[in-house]
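1. I need the structure of the sequence given here:
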Amino acid sequence: MDPLTSLLQEVRSCGAVFGRNLLEPPWAVRFADQGALTLVTLLRGEGWIVPEGTTGEERRYGSENRYGGAGGAVPVRLGPGDVAVVTGPEPFSITDDPAAATPPLFVVHPDRCTTADGCDIGEDVILGLRTCGNSEDGPTVLLTASYQATGRVSERLLGGLPRTLLVPHDAPDPVLELAAVETGRDAPGQQAVLDRLLDLLLLSTLREWFARPEACPPGWYRALGDPVAGRALRLIHARPERAWTVDALAAEAGVSRATLARRFTALVGRPPMAYLTEWRLTLAADLLARTDATVASIARQVGYRTPFALSAALKRVHDTRPVELRAATGGAPTADKPSTRA
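-> Predicted structure coming up:
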């Protein structure tokens, strides 16, 4: 198992909110739903993603920012078929003209959609199931999907992404076309279908983004292509509970201890054992927050022989203990009782 697979297994859609928008210029839609991640695509027409706080000058000169950036407030242009990912809970808008500052047709909140002045949207905006807009025959078809992603594993993935990233597409994408059709359906199991479609769209978009020359992928992603560091990374993510040492990882990779340590550190940005500890504690933190497993059980799952060893590692690296971490995240009590989860 590679790191991207490990991360995406934890950042999976559950109850994704899909929306299809049929729009006639001028138009704008504001997103204030505090979603950790929002996928945006235009099936027809063109538009702009405008982060909150964009200045007038940035709105006028946003056309230079075609592929997204490292996290500024400059608008990002979307063409037909392009797929963008917006990360973080900060509000943003999508509009046909960033310089016009068009009032939003509606605002997406965590639990509802409203007009710009806070009133519930009416039938003039609701055009069908999961479909809104200002014209059923509008030349622009905007598809969005957002969901929450919580926990330390999610933070590792989202922390490696810019505020807005964009992957251009010049040819029709059958997955996008299927998503557009399924967004308007109301069949049994529909939410599960939409969730899995979003997972597929996110995975394919991230892989394409990381491979682009303008991207700056995290060290662990760059290291995956290396036969030595990549092999060690896959072993760590596949078997975090194993009693790994640098010697053991080097033997599996078929190189000397010194070679593994040098290649891994150069590509990933930290030594193998430091990365292993970081990954184990990331997994432990999410297990403490999301399950009722005992600390002893969690310790064994992530590679610590005793709960005391896990507690000491958390204290040393994050200055916290399992009971404190679980209480802070609202997780289950830490009493050593039988668990309903492995």
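2. quick one, strands of the chain?
-> Assigned strands in the chain, in chain order: 17-23, 28-31, 37-44, 47-51, 76-78, 83-87, 92-95, 106-108, 113-114, 126-128, 131-133, 140-147, 164-167 (criterion: DSSP state E).
3. Present those as a markdown table; the columns should include mean neighbour count.
-> Heads up, the C-betas are built off the backbone N, CA and C, glycines and all. Supplementary listing: these in a markdown table, determined by neighbours: other CB atoms under 10 Å:
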| stretch | mean neighbour count |
| --- | --- |
| strand 17-23 | 22 |
| strand 28-31 | 24 |
| strand 37-44 | 21 |
| strand 47-51 | 25 |
| strand 76-78 | 24 |
| strand 83-87 | 24 |
| strand 92-95 | 24 |
| strand 106-108 | 23 |
| strand 113-114 | 17 |
| strand 126-128 | 15 |
| strand 131-133 | 21 |
| strand 140-147 | 22 |
| strand 164-167 | 25 |
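4. right, and the ones you listed - which one's nearest residue 292?
-> If you check each of those against residue 292 by CB to CB, strand 140-147 wins as the nearest, at 23.9 Å.
5. Please name the strands paired to that closest one in the sheet, noting orientation.
-> In its sheet, strand 140-147 lies beside strand 17-23 (antiparallel), strand 37-44 (antiparallel), with partners assigned from DSSP bridges.
6. Contacts for it next, please.
-> Residues from elsewhere that reach strand 140-147, judged by CB atoms under 8 Å, 6 or more residues apart in numbering: 13-25, 27, 29, 31, 33, 35-47, 94, 96, 108, 176, 179-180, 183, 194, 198, 201.
7. Give me the below-cutoff pLDDT ranges for the protein.
-> Across the chain, residues meeting the criterion (pLDDT under 70) sit at 1-3, 6-15, 54-73, 148-151, 170-172, 331-342.
8. circling back to that earlier point, I'd like the strands of the chain laid out as a markdown table, including distance to residue 261.
-> Compiled in a markdown table, the strands of the chain are given as follows (distance: least, CB to CB, whole Å):
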| stretch | distance to residue 261 |
| --- | --- |
| strand 17-23 | 45 |
| strand 28-31 | 45 |
| strand 37-44 | 34 |
| strand 47-51 | 41 |
| strand 76-78 | 40 |
| strand 83-87 | 32 |
| strand 92-95 | 42 |
| strand 106-108 | 48 |
| strand 113-114 | 53 |
| strand 126-128 | 58 |
| strand 131-133 | 55 |
| strand 140-147 | 39 |
| strand 164-167 | 32 |
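9. Sounds good, over and out.
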